[in-house]
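# Fold the stuff below for me.
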Amino acid sequence: MLAAEMRAQLKRKVETYNTEKGRNIGLAVVIVGNDPASQIYVRNKIKACEEVGFKSFAHYLPGDISQRRAEELVRSLAEDTAVDGILVQLPLPGHLNAQKLLGLIPAEKDVDGFSAENCGKLLLNEKGLVSCTPFGIMKLLEKYNIKIAGSNAVVLGRSNIVGKPMAMLLLNADATVTVCHSKTKNLKDICSAADIIVSAVGKAGFVTADMVKDGAVVIDVGMNRTDKGLCGDVDFENVSKKCSYITPVPGGVGPMTITMLLYNTYLAAVDR
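You can find the predicted model right below:
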């Protein structure tokens with residue numbers, strides 16, 4: 001499993017860094033409120049930090065915290081030399097301005113890759129911290145020697161977290177990229193011509209076998225809770241019979257996302 005391989009390699013690099021610098025790489029995680037899913041995600045991230053030798057700084061804030069108090073915490077973390085990366089767990093309670101809060105994270109500590117500066121660097125194909133899920137998908141494609149240059153790639157979804165950065169990474173790797181969304185016409189025709197499909201729409205079973213050509217590569221980013229348990233955006237049972245590679249849900253892209261968060265934190269520390 002690629003995620004496990006990368007974490008093992010990263011652990012060795014972190015041990016060397018910590019020894020040479022006389023300090024542990026530090027990741028600060030901020031969570032507001034008691035959202036159960038967010039609590040699970042944060043616990044998993046803290047556990048992953050410990051596994052590779054990071055020092056984690058978890059800040060659990062009450063759901064009714066004011067914007068001012070939340071901003072004060074992020075500013076203090078931005079100035080803290082023990083903190084190499086800052087992550088604010090989303091979603092935030094509705095009364096908080098998430099964009100303003102995230103905007104206080106310095107680009108060099110923005111290990112989620114969400115800042116305007118890091119997004120701009122991605123657009124310009126310059127070095128920066130890249131959104132973890134798309135970054136992980138690129139590592140998967142690289143691991144399995146999947147040809148990107150010259151390929152027709154379709155990205156389903158245009159979110160700032162997955163869809164847009166995914167499209168830019170594929171474009172920077174010389175793919176011909178089509179971004180599809182809820183207003184796209186002739187979706188089936190577009191998808192059935194794709195060599196690579198990345199689905200991040202959040203709809204169970206959205207990608208069906210008649211949308212996928214034989215031999216295509218299908219990356220499923222969806223994480224949908226149904227009566228039958230977790231499933232992705234792709235009708236795995238039927239689509240898997242047609243494609244050359246496909247990622248399962250759970251166990252496919254998800255582990256890579258946390259792995260790339262750790263990798264980004266390491267990069268942030270090295271580039272200080």
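# And the helices in the chain, which stretches?
With DSSP state H, the ranges of helices along the chain come out as 2-21, 36-52, 67-79, 98-102, 116-123, 132-143, 163-172, 187-191, 236-239, 253-270.
# Render the CA-only coordinates of the fifth one in PDB, please.
Provided in PDB are the C-alpha atoms of helix 116-123 (Å, rounded to 0.1, in the frame of the first residue of the first chain):
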ATOM      1  CA  ALA A 116      -4.500  32.000  -2.000                       C
ATOM      2  CA  GLU A 117      -0.700  32.200  -2.300                       C
ATOM      3  CA  ASN A 118      -0.300  28.400  -2.500                       C
ATOM      4  CA  CYS A 119      -3.200  28.100  -4.900                       C
ATOM      5  CA  GLY A 120      -1.600  30.900  -7.000                       C
ATOM      6  CA  LYS A 121       1.700  29.000  -7.100                       C
ATOM      7  CA  LEU A 122       0.000  25.900  -8.300                       C
ATOM      8  CA  LEU A 123      -1.700  27.900 -11.100                       C
END
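# Pull the distance from it to the chain's centre.
Computed by Cα atoms, centre = their mean, to the nearest Å, the chain-centroid distance of helix 116-123 equals 15 Å.
# how about the residue nearest the centre of the chain, what does it touch?
The centroid of the chain falls nearest to Thr133 when counting by Cα atoms, centre = their mean (2.3 Å). The neighbourhood of Thr133, defined by Cβ atoms under 8 Å, 6 or more residues apart in numbering, consists of 161-162, 166, 200, 221, 253, 256-257, 260. For every residue, glycine as well, the C-beta is placed using N, CA and C.
# Return the two entries of those residues that lie farthest from one another.
Using Cβ to Cβ, the contacts of Thr133 span at most 15.1 Å, a distance reached by Ala200 and Met260.
# Which one of these two is surrounded by more residues?
A count of neighbours by other Cβ atoms under 10 Å puts Met260 above the other of Ala200 and Met260, at 27 against 24.
# Surely the more buried one touches Cys132?
Yes. Using Cβ atoms under 8 Å, Met260 is in contact with Cys132, at 4.1 Å.
# Please enumerate the strands of the stretch 101-250 of the chain.
Secondary structure of the stretch 101-250 of the chain by DSSP state E, counting those that start in this stretch: the strands cover 152-156, 176-180, 196-199, 217-220, 224-226, 229-231, 245-246.
# so what strands line up beside the fourth one?
Its sheet considered, strand 217-220 pairs with strand 196-199 (parallel), strand 245-246 (parallel) by DSSP bridges.
# Can you say which of the ones you listed is packed in most?
The highest mean neighbour count among these, using mean count of other Cβ atoms under 10 Å, belongs to strand 196-199: a mean of 27.
# residues in contact with that strand?
137, 141, 146, 148, 151-157, 166, 170, 175, 191, 206-207, 211-212, 216-222, 232-234.
# got the contact list for the residue nearest to Thr208 when sequence neighbours are not counted?
In this structure, Thr208 finds its nearest non-sequential neighbour in Asp235, 5.1 Å apart by Cβ to Cβ, 6 or more residues apart in numbering. If you count contacts by Cβ under 8 Å, 6+ apart, Asp235 has them with 205, 207-209.
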